[in-house]
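Trainee: this one's structure only:
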């Protein structure tokens, strides 16, 4: 009965590519043991992967030995990774759970990459009860619509090292009760994770306290939740298509105003954004979802847009957004790297025109006699002043950058070339200082060039 349901569900959801083996994530617990047993009975090619996180002294080594024995009994390869999870979490600042999850999926991605001709997906043993618990976890901690469809049969997961893997969940058609019944009927052995009985983790409290109460109040809650999550998933598909269409209308590439700046930026017109009269916080959250901004940060952006203040900055784990006059500008978080300055002396010649001293934006020519060497490159500072070429007197660099209409992301990447006396020779890529320009009396030229 369960074997037929398993095979039918896998076929309906197109979970297993023909001729490809599947990597099974097996902890040794009842759910993953049943999954391995079903794969074996269904004659679906598979290999087993197990992670020893060394979090439970004695138990972890017992679990590893059990999984190795299980793989041997099925006649399939067994891949095992061993991690000092507590040390990794301490080094990265992650929680133990976050570190274990990241290590686990990075290991699976590595195995699939090494065996890409044999297998393309990893299967986990999450079942219907896990999916319902995930729904409530997301609901209570706060989520968009994407968090309310529970665990899906098929998903793509990008690991922290940017590897993309396919994750399938072929056990979602079964409840925990179905799995317990299968274990009894087939006399299967498994190892019990002692943490499953503890009430410390929120998931375990939902599993052991909330769900029994809901089943008492609503005996058909599992079937109802399954149907609700499917409807929410269907709603999300329609909703997501609408959001993607609006994103294409509103989010456009933004050309950097600093020559040579290799930092793709996107811009949203604030007036156009407000013209839709949608709930602004939710609308911004959905538009910025691909860039990792949380709902809380989206709410901060929405509040800031009511009275836009140029320079206001907002951060996600991967991106930053700044208000730039009538736009919201978005870019990848990237370190600010100083350009490399190269100098070359040469005699003044006919192609060095004293009337037009500006070369390409990343190359300038100055009067070698006017400058005190060596030159250095540093970020500009609020107190910096220089004499912009073609203008009378000095100006604050900050005012000059404002006139250039640079946004806050670009301003942080502006560097200046200064001589040994601390004088600004060049606001790199933007304007030469007039004091160092070529003149009719120039005899030797110092050419400046930068690599970004």
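Mentor: On my side now, so go ahead. Values in this document were obtained by computation on a predicted structure and should not be read as measured data.
Trainee: Validate this expectation: residue 69 resides in a helix.
Mentor: Yes - the assignment for residue 69 (DSSP: H, G, I helix; E, B strand; the rest coil) places it in a helix.
Trainee: Mind pulling up the pLDDT for it?
Mentor: Confidence at residue 69, expressed as pLDDT, is 96.
Trainee: now it: how far from residue 54?
Mentor: Here the criterion is CB to CB, to the nearest Å. By it, residue 69 lies 19 Å from residue 54. C-beta coordinates here come from the backbone N, C-alpha and C atoms, glycine included.
Trainee: Partner strands of the helix or strand of the chain with the lowest mean pLDDT and their direction?
Mentor: Lowest on mean pLDDT, DSSP states H and E among the helices and strands of the chain sits strand 154-158, with a mean of 82. Paired neighbours of strand 154-158 in the sheet (DSSP bridges): strand 164-168 (antiparallel).
Trainee: Next secondary structure element downstream of the strand it pairs with?
Mentor: helix 176-186 (DSSP states H and E).
Trainee: higher neighbour count, residue 69 and residue 54?
Mentor: residue 54 (16 against 13; other CB atoms under 10 Å).
Trainee: where are the low-confidence patches of the stretch 301-450 of the chain?
Mentor: The stretch 301-450 of the chain contains residues with pLDDT under 70 at 350-360.
Trainee: Residue 390 against residue 432, yeah?
Mentor: No - look at residue 390 against residue 432 with CB atoms under 8 Å: they stay out of range, at 9.1 Å.
Trainee: can I see the domain layout of the protein?
Mentor: 2-217, 247-332, 340-451 (automatic domain parsing).
Trainee: Residue 282 sits in which helix or strand?
Mentor: Taking DSSP H and E as the criterion, residue 282 maps to helix 280-287.
Trainee: Check which residues of the helix or strand just after that helix are buried.
Mentor: For helix 280-287, the succeeding helix or strand toward the C-terminus, using DSSP H and E, is helix 295-305. Neighbour-count burial for helix 295-305, counted by 16 or more other CB atoms under 10 Å, picks out 295, 297, 298, 299, 300, 301, 302, 304, 305.
Trainee: do stretch 76-94 as well
Mentor: Neighbour count says stretch 76-94 has 76, 78, 79, 81, 83, 85, 88, 89, 94 buried, by 16+ other CB under 10 Å.
Trainee: Near the closest residue to residue 406 other than its chain neighbours, how many other residues are there?
Mentor: Leaving out its chain neighbours, the residue that sits closest to residue 406 by CB to CB, 6 or more residues apart in numbering is residue 257, at 5.4 Å. Other residues within reach of residue 257, judged by other CB under 10 Å, total 16.
Trainee: Spit out the contact partners of residue 257.
Mentor: Neighbouring residues of residue 257 by CB atoms under 8 Å, 6 or more residues apart in numbering: 404, 405, 406, 407, 410.
Trainee: repeat that for 10 Å
Mentor: 265, 401, 404, 405, 406, 407, 410, 411, 429, 430 (CB atoms under 10 Å, 6 or more residues apart in numbering).
Trainee: And for residue 389?
Mentor: Contacts of residue 389 by CB under 10 Å, 6+ apart are 357, 358, 364, 426, 427, 431, 432, 433, 434, 435, 436, 437.
Trainee: From these, which land in helices?
Mentor: Here DSSP state H is the test, and the contacts of residue 389 give no hits in helices at all.
Trainee: Can you lay out the residues you listed as TSV showing neighbour count and distance to residue 283?
Mentor: Below are those laid out as TSV (neighbours: other CB atoms under 10 Å; distance: CB to CB, whole Å):
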residue	neighbour count	distance to residue 283
357	21	49
358	14	44
364	26	45
426	24	43
427	22	38
431	23	39
432	26	45
433	25	46
434	16	48
435	17	51
436	27	50
437	21	50
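Trainee: coming back round to it: mind checking the backbone torsions on the residue nearest to residue 406?
Mentor: Backbone geometry at residue 257, expressed as degrees, to the nearest 10, gives phi -90, psi 0.
Trainee: Look up how far residue 171 lies from it.
Mentor: Applying CB to CB to residue 257 and residue 171 gives a distance of 54 Å.
Trainee: Quick check: pLDDT value at residue 143.
Mentor: pLDDT, residue 143: 77.
Trainee: Next up, the contacts around the spatially most central residue of the chain.
Mentor: In the chain, the centroid-proximal residue (CA atoms, centre = their mean) is residue 318; its distance is 5.5 Å. Contacts for residue 318 were tallied using CB under 10 Å, 6+ apart; they are 290, 291, 292, 293, 332, 333, 334.
Trainee: out of those residues, which one sits closest to residue 270?
Mentor: Using CB to CB, residue 293 is the member of those that sits closest to residue 270, with 15.9 Å.
Trainee: Can you read off the pLDDT for that closest one?
Mentor: pLDDT, residue 293: 94.
Trainee: Give me the neighbour count for the residue lying closest to it once chain neighbours are set aside.
Mentor: In space, and not counting its chain neighbours, residue 293 is closest to residue 316: 4.3 Å by CB to CB, 6+ apart. Residues lying near residue 316 (other CB under 10 Å) number 16.
Trainee: so how far is residue 345 from residue 316?
Mentor: 47 Å.
Trainee: Then residue 389?
Mentor: In terms of CB to CB, residue 389 sits 21 Å off from residue 345.
Trainee: residues of stretch 14-26 that come out buried?
Mentor: By 16+ other CB under 10 Å, the buried positions in stretch 14-26 come out as 15, 16, 21, 22, 23, 24, 25, 26.
Trainee: Which of the contacts of residue 257 fall in strands?
Mentor: residue 265 (DSSP state E).
Trainee: could I get the contacts of residue 257 as CSV with neighbour count and distance to residue 180?
Mentor: Formatted as CSV, the contacts of residue 257 follow (neighbours: other CB under 10 Å; distance: CB to CB, whole Å):
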residue, neighbour count, distance to residue 180
265, 22, 54
401, 20, 67
404, 15, 68
405, 10, 66
406, 20, 64
407, 23, 59
410, 22, 60
411, 19, 62
429, 22, 67
430, 18, 70
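Trainee: now, among the contacts of residue 257, which is nearest to residue 446?
Mentor: Among those, and counting by CB to CB, the member closest to residue 446 is residue 429, at 17.4 Å.
Trainee: Was I right to think that closest one contacts residue 377?
Mentor: No - assessed by CB atoms under 10 Å, residue 429 is found out of contact with residue 377, at 11.6 Å.
Trainee: tell me, what's touching those two both at once?
Mentor: In contact with both residue 429 and residue 377: 339, 415, 450, using CB under 10 Å, 6+ apart.
Trainee: Pop out the phi and psi values for the first one.
Mentor: Backbone torsions of residue 339, given as degrees, to the nearest 10, read phi -70, psi 160.
Trainee: Just the element for the residue lying closest to it once chain neighbours are set aside, please.
Mentor: In this structure, residue 339 finds its nearest non-sequential neighbour in residue 450, 4.0 Å apart by CB to CB, 6+ apart. Using DSSP H and E, residue 450 falls within strand 444-451.
Trainee: starting at the chain centroid, how far to stretch 74-93?
Mentor: Centroid separation between stretch 74-93 and its chain, computed with CA atoms, centre = their mean, to the nearest Å, is 22 Å.
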